[in-house]
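Enquirer: Need coordinates for the following:
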Amino acid sequence: MPRSLHAEFQKAWRRHDLLICLLLPVIVLLWSGYSAPDGAGSTVNAFSALFYSAPVMNAILMPVGMAVLANRLWDVEIKGSFPKLLYTLQSRGSLFAAKAALGFGEVFLIAALETACILAVGRWKGYTEVIPPVHILYFFVCTLAVCTMLFFSELLLSVLLTNPLPALCVGVVGALVGLFSAFMPPVVSLFVPWGYFIPLSSFVLVSWDADTRIAVYGMRDFRWLLLFWAILLAAGFFLFTWRAIRQKEV
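Expert: Sure thing, here's the model as predicted:
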């Protein structure tokens with residue numbers, strides 16, 4: 001396992017996966033920095049506004065980003081029937097374990113950097129609102145859980161299909177469907193896994209005054225059941241991917 005993981009790190013370094021892991025949080029940083037309200041602007045609680053808008057950004061960016069990461073993680077293995085050689089050098093279990101560990105590590109890095117970027121934007125803007133640390137931790141865990149679920153679902157498609165294009169198309173379509181689900185009745189969003197970032201958010205818009213352009217945000221109870229379901233889906237896609245690799249003919 002350590003040798004397999006080291007080999008995956010070497011391949012990831014040559015693929016420049018770190019750039020993708022940095023690019024997604026940077027996009028969130030620039031996007032949130034541009035759209036974030038001024039400290040004395042139109043919101044009563046500007047820091048909450050950032051955490052309210054971040055799940056919408058994730059619903060747009062992360063399905064595509066996870067599809068790209070998953071495709072790049074498996075791209076060498078679909079070129080020239082390379083698994084025929086790999087499976088003579090290492091077991092399928094060690095190959096999958098190394099890829100799963102590396103992929104989860106990349107997703108963890110993205111979720112951690114995004115959370116840090118949102119906090120950095122708030123400090124840069126001079127927000128004085130104090131966000132309870134438990135809500136920040138909950139935001140990080142929800143982002144990590146949904147991104148992990150999306151990553152392994154895309155990795156499953158990459159393993160099953162020899163062409164990476166369908167998996168990328170699923171990511172793009174998922175981003176659109178996930179975003180549109182935010183404007184539908186709340187029950188609809190529960191059936192759109194790509195947009196789980198939004199219903200899992202603990203920050204809500206309480207009121208909006210069109211005349212004064214003042215928005216008031218609040219916090220709601222954590223949605224533990226939906227979070228557990230997202231984690232369960234991630235575990236399910238993880239197991240299905242392992243089964244696909246174990247049974248894949250080469």
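Enquirer: so what strands line up beside the helix or strand containing L205?
Expert: Using DSSP states H and E, L205 sits in strand 203-209. Taking DSSP bridges as the criterion, strand 203-209 sits next to strand 214-219 (antiparallel) in its sheet.
Enquirer: Output the strand it pairs with as CSV, nothing but the C-alphas.
Expert: The C-alpha atoms that make up strand 214-219 are tabulated as CSV, following Å, rounded to 0.1, in the frame of the first residue of the first chain:
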residue,chain,number,x,y,z
ILE,A,214,-30.9,45.2,3.4
ALA,A,215,-30.7,41.4,3.8
VAL,A,216,-30.9,39.7,7.1
TYR,A,217,-29.5,36.2,7.5
GLY,A,218,-30.0,33.6,10.2
MET,A,219,-28.9,30.2,11.2
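Enquirer: ok, Q10 - how many residues close by?
Expert: Using other CB atoms under 10 Å, Q10 has 10 neighbouring residues. Heads up, the C-betas are built off the backbone N, CA and C, glycines and all.
Enquirer: Show me the shaky parts of this structure.
Expert: Low-confidence segments of the chain, defined by pLDDT under 70: 1-9, 12, 37-44, 76-90, 210, 212-213, 249-250.
Enquirer: Need the single longest helix in it, by residues.
Expert: helix 92-125 (DSSP state H).
Enquirer: Next, the buried residues of that one.
Expert: Neighbour counts over helix 92-125 (16 or more other CB atoms under 10 Å) mark 92, 94-100, 102-104, 106-107, 109-111, 113-115, 117-119, 121-122, 125 as buried.
Enquirer: mind listing what the residue nearest the centre of the chain touches?
Expert: Residue closest to the mean C-alpha point of the chain, counted by CA atoms, centre = their mean, is C147 at 2.8 Å. The contact partners of C147, by CB atoms under 8 Å, 6 or more residues apart in numbering, come to 58, 62, 66, 107, 110-111.
Enquirer: what does A111 give?
Expert: So A111 contacts 140, 143-144, 147 (CB under 8 Å, 6+ apart).
Enquirer: related to what we said a few turns ago, what are the contacting residues of the strand holding L205?
Expert: Residues from elsewhere that reach strand 203-209, judged by CB under 8 Å, 6+ apart: 48, 51-52, 135, 214-220.
Enquirer: Try it again at 7 Å.
Expert: The contact list for strand 203-209, computed with CB atoms under 7 Å, 6 or more residues apart in numbering, reads 48, 51-52, 215-220.
Enquirer: Show me which pair in these is furthest apart.
Expert: A215 and R220 (15.8 Å; CB to CB).
Enquirer: Compare neighbour counts for the two and give me the winner.
Expert: Higher neighbour count among A215 and R220: A215, with 20 against 10, using other CB under 10 Å.
Enquirer: any idea how far the residue nearest to the centre of the chain lies from F191?
Expert: 19 Å (CB to CB, to the nearest Å).
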